[in-house]
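Enquirer: Can you look at this prediction? I've put the sequence above it.
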Amino acid sequence: MFLSDTDIEAILLTLRLAAVTTVILFFVGTPIAWWLSRTRSRWKGPVGAVVAMPLVLPPSVLGFYLLVTLGPNGPVGQLTQALGIGLLPFTFWGLVVGSVFYSLPFMVQPVQNAFEAVGERPLEAAATLRASPLDSFFTVALPLALPGFITAGILSFAHTVGEFGVVLMIGGNIPGVTRVASVQIYDYVEALEYGDAHRLAAVLLTFSFLVLLALYSWRPNPKKI
Amino acid sequence: MKPIRSLCLALTCAGTAVAASAEEAQVAVAANFTAPMKEIIAGFEQQTGHEVRASYGSTGKLYAQIKNGAPFHALLAADQQRPQLLEDEGVAVPGSRFTYAIGTLVLWSADPDFVDSEGEVLKRGAFEKLSLANPKLAPYGEASIQTLEALGLKEAIEPKLVMGENIAQAYQFVHTGNAKVGFVALSQVMTGGKITKGSGWIVPGDMHAPIRQDAVILESGKDNAAINDLFAYLQSDKAHEIIHAFGYETE
């Protein structure tokens, strides 16, 4: 077999993590993107900056803060313990929380751009036809911004697949739970098992290329919006 | 303009004066040895006038970098395997290899009342996570597993294990409390010759294979005076004093 069982386990875990993260990001990112695209509040700048932070912060910093915040002495850790969930680090859901933060800008920014491109006029037109704001959001804004959502979904998924630093910091390298493909490759390299590293790396490389190829080949015509 | 020019001249002269007697060396150092190495380098530079630039990282990464042309003159590894390998592959100078430090393993918790002086806490198992360095990658991790095996607790504790990529990360997991207890290097929790924070049990040396850390001179550093002096210095009483203060033993 080309890949070992542990490699396949790591790949499946990675795909599961990326899929769950992307779905959650659709729900978390859309309201933020909508608000950012519509608001004239003075908080727009700060909120936009916070959302974009994972783009510039080293994942090791993000991972370390997550480890401390989610830990037994951190505010979130105390909350999860009080709620009976226990501690999040070293669990699959801990990785999901980390990934949602890490990939947030990849969801919010394309969706925000798409909402901004929709502009006020279609929504005003809907309002004159007595559509409620909620109604016009779902029947006008969302369909018009669909290309942005597709881009955002693909980027968030792919970015989570490529995640390494955050997982390394809060994962604890547990097979089948937190040992994702990137960590598995890192272990191979560290253990000087370069052949195994190459095989798994080739899979990731091919995957990333195909995803980006699909994204860049598929060009929605902005004039249609 | 004039004072600047004379300053430049003075600096150039000073530079050449030092360069005549002193050389510069670039060494790759295993991350667990970061703290003692910084002190050793400070003392060494002061005594000899040589200049040492150190890069700290995991031994596996440093090895890969050396194999791919990284400009290091020597490697201070976390194990014996990689220096040996470099020697076998003709990258390191034969006969330059020696054990510069022997690591001590400690079972440690950030909670000052958690680990008893006999390590009974392992048998009670009243913890959710035990962190250790990845045994596949780090000698400290390997020694941790050997210790659990010696105690007959490996199967019982295995589901609770979380692994750091190296001993620094294993420490981080315990230090932040995310793992209640973990196997770390004594050098990480010791200052001034004793454990000053949390609680720890120094694992008896007969429970695991010794954690021997070897250093080796690379071919590129063969004729570098600074490297040869540094290797002599590492074996001096002065360096040993520093190494011991950080919880390592020497031969």
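Expert: Received the coordinates, thanks.
Enquirer: in chain A, which ranges drop under the pLDDT threshold?
Expert: A:1, A:219-225 (pLDDT under 70).
Enquirer: At which residues are the helices of it located?
Expert: A:5-38, A:44-56, A:59-70, A:75-82, A:92-118, A:121-128, A:133-136, A:142-144, A:146-161, A:165-171, A:181-190, A:194-217 (DSSP state H).
Enquirer: Show me what counts as buried in stretch A:127-143.
Expert: Using 16 or more other Cβ atoms under 10 Å in any protein chain shown as the test for burial, stretch A:127-143 gives A:131, A:136-137, A:140-142. Placement of C-beta: from N, CA and C, glycine included.
Enquirer: tell me the mean pLDDT for stretch B:66-74?
Expert: In this model, stretch B:66-74 has an average pLDDT of 91.
Enquirer: Identify all contacting residues around stretch A:48-64.
Expert: A:32, A:36, A:98, A:101-105, A:108-109, A:163-170, B:172 (Cβ atoms under 8 Å, 6 or more residues apart in numbering or on different chains).
Enquirer: wait, stretch B:106-113
Expert: B:115, B:119, B:121-122, B:147, B:171, B:174-177, B:180-186, B:188-189, B:195, B:197-203.
Enquirer: And for stretch A:209-217?
Expert: Residues contacting stretch A:209-217 (Cβ under 8 Å, 6+ apart): A:151, A:154-155, A:157-158.
Enquirer: List just the nearest of those to residue A:93.
Expert: Residue A:93 has its nearest neighbour among the contacts of stretch A:209-217 in residue A:157, at 17.9 Å by Cβ to Cβ.
Enquirer: Now stretch B:202-217: average pLDDT?
Expert: For stretch B:202-217, the mean pLDDT works out to 95.
Enquirer: Spell out whether that stretch and chain A are in contact.
Expert: No - if you take Cβ under 8 Å from any Cβ of the partner chain as the test, stretch B:202-217 misses chain A, and the best it gets is 15.8 Å.
Enquirer: And that stretch, how far out from the chain middle?
Expert: How far stretch B:202-217 lies from its chain's middle: 11 Å, per Cα atoms, centre = their mean, to the nearest Å.
Enquirer: Can you show me the CA trace of it as CSV?
Expert: Output of stretch B:202-217 as CSV, limited to C-alpha atoms (Å, rounded to 0.1, in the frame of the first residue of the first chain):
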residue,chain,number,x,y,z
ILE,B,202,13.5,12.8,40.1
VAL,B,203,13.3,9.5,38.3
PRO,B,204,16.0,7.1,39.5
GLY,B,205,18.6,6.5,36.7
ASP,B,206,18.1,2.7,36.8
MET,B,207,14.6,3.0,35.5
HIS,B,208,15.6,4.1,32.0
ALA,B,209,18.6,4.2,29.7
PRO,B,210,20.8,7.2,30.3
ILE,B,211,19.9,10.3,28.3
ARG,B,212,23.3,10.9,26.9
GLN,B,213,23.7,14.0,24.7
ASP,B,214,26.6,14.0,22.3
ALA,B,215,28.4,16.8,20.6
VAL,B,216,30.3,16.5,17.3
ILE,B,217,32.5,18.8,15.2
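Enquirer: List the buried residues for that stretch?
Expert: Going by 16+ other Cβ under 10 Å, stretch B:202-217 has these buried residues: B:202-203, B:207-208, B:210-217.
Enquirer: one step back: in strands, which of the contacts of stretch B:106-113 appear?
Expert: Under the assignment DSSP state E, these contribute B:181-185, B:195, B:199-202 to strands.
Enquirer: okay, these in JSON lines with distance to residue A:65 next?
Expert: JSON lines is the format used below for these (distance: Cβ to Cβ, whole Å):
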{"residue": "B:181", "distance to residue A:65": "23"}
{"residue": "B:182", "distance to residue A:65": "20"}
{"residue": "B:183", "distance to residue A:65": "25"}
{"residue": "B:184", "distance to residue A:65": "22"}
{"residue": "B:185", "distance to residue A:65": "24"}
{"residue": "B:195", "distance to residue A:65": "27"}
{"residue": "B:199", "distance to residue A:65": "26"}
{"residue": "B:200", "distance to residue A:65": "27"}
{"residue": "B:201", "distance to residue A:65": "31"}
{"residue": "B:202", "distance to residue A:65": "32"}
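Enquirer: Closest one of the residues you listed to chain A?
Expert: Checking these against chain A by Cβ to the nearest Cβ gives residue B:182 as the nearest, at 10.6 Å.
Enquirer: Would you mind measuring from the closest one to residue B:241?
Expert: 28 Å (Cβ to Cβ, to the nearest Å).
Enquirer: can you check residue B:174 too?
Expert: Going from residue B:174 to residue B:241 by Cβ to Cβ gives 28 Å.
Enquirer: out of those two, which sits in the busier spot?
Expert: residue B:174 (28 against 13; other Cβ atoms under 10 Å in any protein chain shown).
Enquirer: so who does that one touch?
Expert: Per Cβ under 8 Å, 6+ apart, neighbours of residue B:174: B:108-110, B:131, B:180-182, B:184, B:198.
Enquirer: Take those and write them to TSV, including pLDDT.
Expert: Shown next, in TSV, are the contacts of residue B:174 (pLDDT from 0 to 100):
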residue	pLDDT
B:108	97
B:109	96
B:110	95
B:131	97
B:180	95
B:181	97
B:182	97
B:184	94
B:198	93
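Enquirer: what's the burial count for residue A:176?
Expert: Residue A:176: 11 neighbours (other Cβ under 10 Å).
Enquirer: I'd say it and residue A:16 touch.
Expert: No - using Cβ atoms under 8 Å, residue A:176 is not in contact with residue A:16, being 10.4 Å away.
Enquirer: Look up phi and psi at residue 130.
Expert: By default, I'm working from chain A. phi 70, psi 30 (degrees, to the nearest 10).
Enquirer: could you do chain B instead?
Expert: phi -120, psi 120.
Enquirer: what do you get for the one 3 residues further on?
Expert: Recorded main-chain torsions at residue B:133 are phi -80, psi 150, according to degrees, to the nearest 10.
Enquirer: what residues are up against it?
Expert: Listed by Cβ under 8 Å, 6+ apart, the contact set of residue B:133 reads B:140-141, B:144, B:163-167, B:169-170, B:183.
Enquirer: For it, which non-adjacent residue is spatially closest?
Expert: residue B:141 (3.5 Å; Cβ to Cβ, 6 or more residues apart in numbering or on different chains).
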